[in-house]
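**Student:** Give me coordinates for this.
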Amino acid sequence: MTLLLHPTYFPTISSFVAMVKAKSLVFEVCDNYQKQTYRNRTYIYGANGKLALNIPITHSHKNRQLYKDVKIVKDNHWQSQHWKSLQSAYRTSPYFEFYEDDLEPLFTKPYSYIMDFNFECIDKVFECLQLERSYQKTIGYKIEDPNSKDIRYLANVRKEKPIALTPYTQVFQSKCGFVNNLSILDLLFNEGTNALHYLESQEINF
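**Tutor:** Numbering: from 1, shown residues only. Got it, this is the predicted structure:
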């Protein structure tokens, strides 16, 4: 099964379930940018519950702007802020130190385009999972693609469908309970080397 999906900022666990199980992956790179999506947002589990990390982008004066042309705001400290938030949320998790050196460069290296940054995040997670996955990118936008399973809707925060995942132990679970379908980083820091097995074991009807 070929999956068609958006490259998002440290994608949700459900997105990675789909990626792990797919025979082949195609990422949509020819669409228009849309606000309030996971293109520039991810959710982690902070001390007070679900916490959004947003990447500031430069908005175009045009009515429509291609996702691949969207730039990240310069001279903004979002990377250091996001990294501090991750450290605060997960420094006591079982595997944060295990992956810390691999992930920190993503929050120190300058990036111009959000899509490029998102692809680097996805590639790094594949590496952390020890998952060898190749993928293709679209060469033109199609409203429908009969040759692929279209899960581009997973990038839409406002129309997100409830997806039930098997609970796993989270850092602040005793305080706020289990929080479902966060960023893949939450699973990685809490489950570590078991994360890939967890993803493979989930049964989700997309």
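**Student:** where in this structure is pLDDT low?
**Tutor:** 61-63 (pLDDT under 70).
**Student:** quick one, strands of it?
**Tutor:** Here the chain has its strands, by DSSP state E, at 2-5, 24-27, 41-46, 49-54, 136-137, 149-150.
**Student:** Can you convert these into TSV and add a column each for mean neighbour count and distance to Glu120?
**Tutor:** C-beta: built from backbone N, CA, C; applies to glycine. Converted to TSV, these look like this (neighbours: other C-beta atoms under 10 Å; distance: least, C-beta to C-beta, whole Å):
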stretch	mean neighbour count	distance to Glu120
strand 2-5	20	17
strand 24-27	18	13
strand 41-46	21	14
strand 49-54	14	16
strand 136-137	13	14
strand 149-150	16	24
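**Student:** mind putting those strands in a markdown table, distance to Asn205 included?
**Tutor:** Rendered in a markdown table, the data for the strands of the chain read as follows (distance: least, C-beta to C-beta, whole Å):
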| stretch | distance to Asn205 |
| --- | --- |
| strand 2-5 | 14 |
| strand 24-27 | 19 |
| strand 41-46 | 22 |
| strand 49-54 | 24 |
| strand 136-137 | 24 |
| strand 149-150 | 11 |
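**Student:** what packs against the helix of greatest length in the chain?
**Tutor:** The helix that spans the most residues within the chain, counting by DSSP state H, is helix 114-128. In terms of contacts (3 or more C-beta pairs under 8 Å, 6 or more residues apart in numbering; DSSP states H and E), helix 114-128 is packed against helix 96-103, helix 184-191.
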